[in-house]
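**Student:** heads up, no residue letters with this:
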Ligand SMILES: Nc1ncnc2c1ncn2[C@@H]1O[C@H](COP(=O)(O)OP(=O)(O)OP(=O)(O)O)[C@@H](O)[C@H]1O
Ligand SMILES: O=P(O)(O)O[C@@H]1O[C@H]([C@H](O)CO)[C@@H](O)[C@H](O)[C@@H]1O
């Protein structure tokens, strides 16, 4: 993934997101089965472990918090043991609980999954599913008004268990009409939100199949799905529809038009419960951070890929997502990597700019020159003399900074796309690199305008344009070293790496 994703992720931290929906506690009972019960032919599970996780809208809130968002979670639950469990789990996840309204007439929702080894045997769903009372409805409406106005984005996690009553949806419509916000919607009842016009929804293939009236047993064949954009748009009124097809990847639609399909990394025995929450939470954060559609979907896929490999409902932390999307280093070492890069750039029609140098102690002349070099094309590749090469070219006291240090420093310059170390005894010229890279433009500083360039003949044979950029006066590594020496109280020899 490109540096774009990295820049988008940096903007996640400042986002305030409102989550409204059902708070659910997921209970995972893990055991082993070695016998059948005497009273009936059912397995006896010797329970070995029981885990409690945030589920439903609470899992969405936990995912958003893990991605760096400042989350406000609006919900109602019972005033019971599972409400205490949920409260503790929310606190552990760094979530505020002051807008979780506990009411005695409700029982907190919880789903208990019983597994033997990794085989799910049964799931019990418990808790109140009736609509919240008018009192609680009014309380939540008041809270909704305040929290909506403070939010950058809204996530509606409607599990159809009595929280998202008509009055709250109507309030959302009113608020959205006054102050539109990016809004993600996860529901099985899209028809209830048509007037609200959510920004982004994420039906899976079964939900989409039901949505378009083709029943619950879809065949996730891609060609069919990519033609259903108009229908999905009509059924959801969502500007963006991200249709998740399990291992078949994701189809992205914008206002009914199919935009692209993205494959997903394949995982053996994926644990999908909660992965949809992670996917849509990440997509919403990316949207709120002004990501383009392609980057948004890639980030959502990367986050979901992380959680489907976890045994229980879990989250993808911002740091984990950053690690997954951080671009590989800029430094290319192997001929194969250089060849692959050249082929990729040619396929994309990119204009390649090449330059080379020692860049021992980086100074503003270098920076101005490298920025100017990048401006000559689309991609800047820098040939960087290795340490032995610099010793041969500039003397035994050089370089001051090792190749690794110089790569680290140059890699932080956004104008440089790739760095390739070079130089060997008997040939410290960039000729062989030029032959491999075949740049469209070759750049050196003006100090080379009247000097012999051994690579010039090769460049001309390649039809490569040669450009000399203006020098920044009084900036050179040699000068810097001299200044350091002159200013040193005791002209101690400069440590050579
Ligand atoms: N002051 C400057 N302004 C613009 N370009 C520069 C400047 N100094 C060096 N360059 C360019 O940067 C590239 C790397 O040069 P190099 O690393 O030798 O820099 P330097 O400061 O001249 O080093 P040294 O003093 O050790 O020779 C070369 O293409 C050179 O033309
Ligand atoms: O940092 P420098 O000394 O500007 O870079 C040198 O440039 C030489 C130039 O390309 C003429 O061939 C090159 O030969 C040398 O290896 C250094 O990169």
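**Tutor:** Perfect, thanks for sending it. Remember, predicted model here, so these are calculated numbers, not experimental data. Numbers count the residues shown, from 1 in each chain. Ligands and ions are numbered 1, 2, ... in the order given.
**Student:** contacts and neighbour counts: CA atoms only from here.
**Tutor:** Will do.
**Student:** how much space between residue 256 and residue 181?
**Tutor:** With the distance defined as CA to CA, to the nearest Å, residue 256 ends up 20 Å from residue 181.
**Student:** middle-most residue in this protein, spatially?
**Tutor:** residue 299 (3.1 Å; CA atoms, centre = their mean).
**Student:** tell me which other helices or strands the helix or strand harbouring residue 486 touches.
**Tutor:** Element membership for residue 486 (DSSP states H and E) is helix 477-487. Applying 3 or more CA pairs under 8 Å, 6 or more residues apart in numbering; DSSP states H and E, we find helix 477-487 packed against no helix or strand.
**Student:** heads up, I number from 22, so please use that
**Tutor:** OK, 22 is where the count begins now, so the last one is helix 498-508.
**Student:** roughly how far is that helix from the heart of the chain?
**Tutor:** Centroid displacement of helix 498-508 relative to its chain, using CA atoms, centre = their mean, to the nearest Å, is 44 Å.
**Student:** touching ligand 2 at all, it?
**Tutor:** No. Judged by CA under 6 Å from any ligand atom, helix 498-508 and ligand 2 are separated, with a smallest distance of 9.4 Å.
**Student:** hmm, that helix touching ligand 1?
**Tutor:** Yes. Judged by CA under 6 Å from any ligand atom, helix 498-508 comes into contact with ligand 1 at 498, 499.
**Student:** mind checking which helix or strand residue 237 is in?
**Tutor:** Applying DSSP H and E, one finds residue 237 in no helix or strand.
**Student:** from memory it sits against residue 225, does it?
**Tutor:** No. Using CA atoms under 8 Å, residue 237 is not in contact with residue 225, being 10.9 Å away.
**Student:** quick one, which of these two is more surrounded?
**Tutor:** residue 225 (16 against 13; other CA atoms under 10 Å).
**Student:** so what's that one up against?
**Tutor:** Residues in contact with residue 225, defined by CA atoms under 8 Å, 6 or more residues apart in numbering, are 264, 265, 266, 267.
**Student:** can you list the residues of the chain near ligand 2?
**Tutor:** 377, 378, 379, 380, 406, 449, 450, 451, 474, 475, 476.
**Student:** and which of those residues is nearest to residue 139?
**Tutor:** Of all those, residue 139 sits closest to residue 406, with 54.1 Å by CA to CA.
**Student:** neighbours of the closest one, how many?
**Tutor:** 26.
**Student:** and for residue 407?
**Tutor:** Residue 407 has 21 nearby residues by other CA under 10 Å.
**Student:** and the residue nearest to residue 382 when sequence neighbours are not counted, how far is that from residue 384?
**Tutor:** With CA to CA, 6 or more residues apart in numbering as the criterion, residue 382 has its nearest non-adjacent residue at 5.7 Å, and that residue is residue 498. Distance, residue 498 to residue 384, by CA to CA: 7 Å.
**Student:** again with residue 224
**Tutor:** Taken as CA to CA, the span from residue 224 to residue 384 is 53 Å.
**Student:** counting neighbours, go ahead and name the busier of the two.
**Tutor:** With neighbours defined as other CA under 10 Å, residue 224 and residue 384 compare such that residue 224 has more, 25 against 14.
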